[in-house]
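K.L.:
Sequence and computational prediction follow.
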Amino acid sequence: MAEEQFERCLAQVLRHEGGFADHPDDPGGATNMGITRQTLAAWRGVSPATALPVGAVRNLSRAEAAQIYRAQYWAPVGADTLPLGLDLALFDFAVHSGPSRAVKTLQAELGVARDGAVGPVTLRAVGQRVAREGVDELIDALCGRRLQFLSELSTFSVFGKGWTARVAAIRQTALDWSPAAPIPAKNRSTSMTFLSGYKTYIVAAIMLLTGLAQALGLEVPTLQGSSAGHLMMEAIAVLLLRRGGLKANAAST
């Protein structure tokens, strides 16, 4: 299953990386299937990178590219341990901007130490966030941070349109692959809504009692300035509105 998922994610990455390119404004230089000359030279043990002919990049096979992707991008971000969809989003980010940058961005979103390594702390934070908000929310947040980072690069004016389209496409595919959200937010907050409803009744009751006390001539310093009739009318309105709201909520569930 892990190998199958890697191949599925790799296919998506390669759709965006395309074939051989050697754009003069691209700091990565000659690139094929997303593998730069520097990366391929290091993989093959060639130093300096300029000693590797550009033709070697042009002739890179998909099989060798897949080995590089697995060893240098997929494994370092712990993609095998991530939920479906999030693995693609983080993997593509790593390919595009480097594994360390991708992981640190995820860690920043999770609020854990940004050490660039996916370990137990990061995985626990991912699990907690997904259990609380669902995978889709985390995918959205990560892609949002990724696009923000890209927009601040000096080359965004040249490559920004393509980068933006890439992030949007990866985001959509990742969302399509992600499992269903565990529990809808409205159900997770049922107890909070229940308590909130009681608070509304309590406030209304206080207003009503205060109005009655003032009508009887008793002084209530904290609410002076409001007439008895006004307080009682407000309390009744609050109760009626609250009752209507509860009925509407019950009908929608």
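P.N.:
Arrived safely, thanks for sending. None of the values given here were measured: they were computed from a predicted structure. Numbers count the residues shown, from 1 in each chain.
K.L.:
Run through the stretch 101-250 of the chain and note the low-pLDDT ranges.
P.N.:
Where the stretch 101-250 of the chain drops to pLDDT under 70, the residues are 180-211, 213-215, 218-250.
K.L.:
90 instead?
P.N.:
By pLDDT under 90, the low-scoring segments of the stretch 101-250 of the chain are 159, 179-250.
K.L.:
How many residues are close by A113?
P.N.:
Other residues near A113 come to 14 when the count uses other CB atoms under 10 Å. Backbone N, C-alpha and C define where each C-beta goes, glycine included.
K.L.:
Please verify my assumption that R44 contacts P53.
P.N.:
No - under the criterion of CB atoms under 8 Å, R44 lies out of contact with P53, with a separation of 11.2 Å.
K.L.:
quick one: contacts for V167?
P.N.:
Applying CB atoms under 8 Å, 6 or more residues apart in numbering, one finds that V167 lies in contact with C143, R146, L147, L150.
K.L.:
so how far is I68 from the closest residue in space to the third one that isn't next to it in sequence?
P.N.:
In other words, L147. The shortest distance from L147 to any residue that is not its chain neighbour, by CB to CB, 6 or more residues apart in numbering, is 5.0 Å, and that residue is V167. In this view, V167 and I68 are 22 Å apart by CB to CB, to the nearest Å.
K.L.:
can you check V57 too?
P.N.:
Using CB to CB, we find V57 at a distance of 12 Å from I68.
K.L.:
got it, and G19?
P.N.:
Between G19 and I68 the distance, using CB to CB, works out to 15 Å.
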